[in-house]
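[1] next input, structure requested:
(chains A and B)
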Amino acid sequence: AQSVTQPDIHITVSEGASLELRCNYSYGATPYLFWYVQSPGQGLQLLLKYFSGDTLVQGIKGFEAEFKRSQSSFNLRKPSVHWSDAAEYFCAVGANTNAGKSTFGDGTTLTVKP
Amino acid sequence: NAGVMQNPRHLVRRRGQEARLRCSPMKGHSHVYWYRQLPEEGLKFMVYLQKENIIDESGMPKERFSAEFPKEGPSILRIQQVVRGDSAAYFCASSPGTQTEAFFGQGTRLTVV
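    Predicted coordinates:
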């Protein structure tokens, strides 16, 4: 069975500082990996995805993530955080037989200090 | 191209009533997924449907919950005899196939009073 762990429930960073959100997954084969962002009361917006190929993937809003098979990780990074990045971030792993059937982590809430 | 449309956005039901949540997938998408998000938690897969067929309902509670995706019209998630524990955000997602990501709607927030 697939699973996702986001070890950090809540992270606070200062505006302009760098950000890294951690994600570890468990899956028996090469997974599909996603990062989503959710603002309060809103739906999920896809930031980036990894299906195959280059293990460093670029997403929207200046985010990137790196797939490390040896560590079963897919950490999300941003070099300089903006106040508008404050939101909840979810990592998800999709089955390689059906990318839409995903297992989500419990999320990391990002607070940005002025 | 409109995104995944869910309605209503907010739904209040008294205990014992029925809740019907609707999802219109993106144009050209024949695969629909329903997820539930309990407060302070991530999304949990409930059911995967294609037109007129339930493909995978491994995440659906065994009782009171049902889903359909008819040939014409939106996909419906139905919850009968709602209880307080059903209060959650219910998200629908759609995709054109199984080897691509699914796109999420804005969700329906169900409150049971």
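[2] show me what contacts residue 20?
    I'll assume chain A. Residues counted as contacts of A:Glu20 (CB atoms under 8 Å, 6 or more residues apart in numbering or on different chains) are A:75-77. C-beta here means a position set from N, CA and C on the backbone, and glycine is covered the same way.
[3] wait, I meant chain B there
    B:Arg20 makes contacts with B:76-78, as judged by CB under 8 Å, 6+ apart.
[4] so which of the contacts of A:Glu20 is the closest to B:Arg13?
    Nearest to B:Arg13 among these: A:Leu76, at 36.6 Å, using CB to CB.
[5] is that closest one in a bridge, and if so with what?
    A:Leu21, A:Ala65 (DSSP bridges).
[6] with adjacent residues omitted, what lies nearest to the spatially most central residue of chain B?
    Chain B has B:Trp34 as the residue nearest its centroid, 3.8 Å off, counting by CA atoms, centre = their mean. In space, B:Trp34 comes closest to B:Met46 once its chain neighbours are excluded; the distance is 4.4 Å by CB to CB, 6 or more residues apart in numbering or on different chains.
[7] so can I have a markdown table of the contacts of A:Glu20 showing pLDDT, neighbour count and distance to B:Ala67?
    Shown next, in a markdown table, are these (pLDDT from 0 to 100; neighbours: other CB atoms under 10 Å in any protein chain shown; distance: CB to CB, whole Å):
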| residue | pLDDT | neighbour count | distance to B:Ala67 |
| --- | --- | --- | --- |
| A:Asn75 | 98 | 17 | 34 |
| A:Leu76 | 98 | 24 | 32 |
| A:Arg77 | 98 | 14 | 37 |
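[8] contact partners of stretch A:87-96?
    Counting by CB under 8 Å, 6+ apart, stretch A:87-96 makes contact with A:2-4, A:6, A:21, A:23, A:25, A:27, A:29-40, A:44, A:47, A:74, A:76, A:100-105, A:107-110, B:42-43, B:101, all of which sit outside it.
[9] CA-only coordinates of the helix or strand of chain A with the lowest mean pLDDT in CSV, if you can.
    Ranked by mean pLDDT, DSSP states H and E, the weakest helix or strand in chain A is strand A:98-104, scoring a mean of 91. In CSV, the C-alpha atoms belonging to strand A:98-104 read as follows (Å, rounded to 0.1, in the frame of the first residue of the first chain):
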residue,chain,number,x,y,z
ASN,A,98,-3.9,5.4,-12.1
ALA,A,99,-2.4,8.8,-11.4
GLY,A,100,-5.7,10.2,-10.3
LYS,A,101,-6.1,7.8,-7.4
SER,A,102,-3.7,9.5,-5.0
THR,A,103,-2.7,9.1,-1.4
PHE,A,104,-2.2,12.4,0.3
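[10] pull up the pairing partners for the next helix or strand along the chain from that strand, direction included.
    Following strand A:98-104 in sequence order, the next helix or strand is strand A:108-113 (DSSP states H and E). Sheet pairing here is set by DSSP bridges, and for strand A:108-113 it gives strand A:10-14 (parallel), strand A:87-95 (antiparallel).
[11] so how far is strand A:108-113 off the chain centroid?
    Computed by CA atoms, centre = their mean, to the nearest Å, the chain-centroid distance of strand A:108-113 equals 14 Å.
[12] do you know how far the residue nearest to the centre of chain B is from chain A?
    To chain A, B:Trp34 is 11 Å away according to CB to the nearest CB, to the nearest Å.
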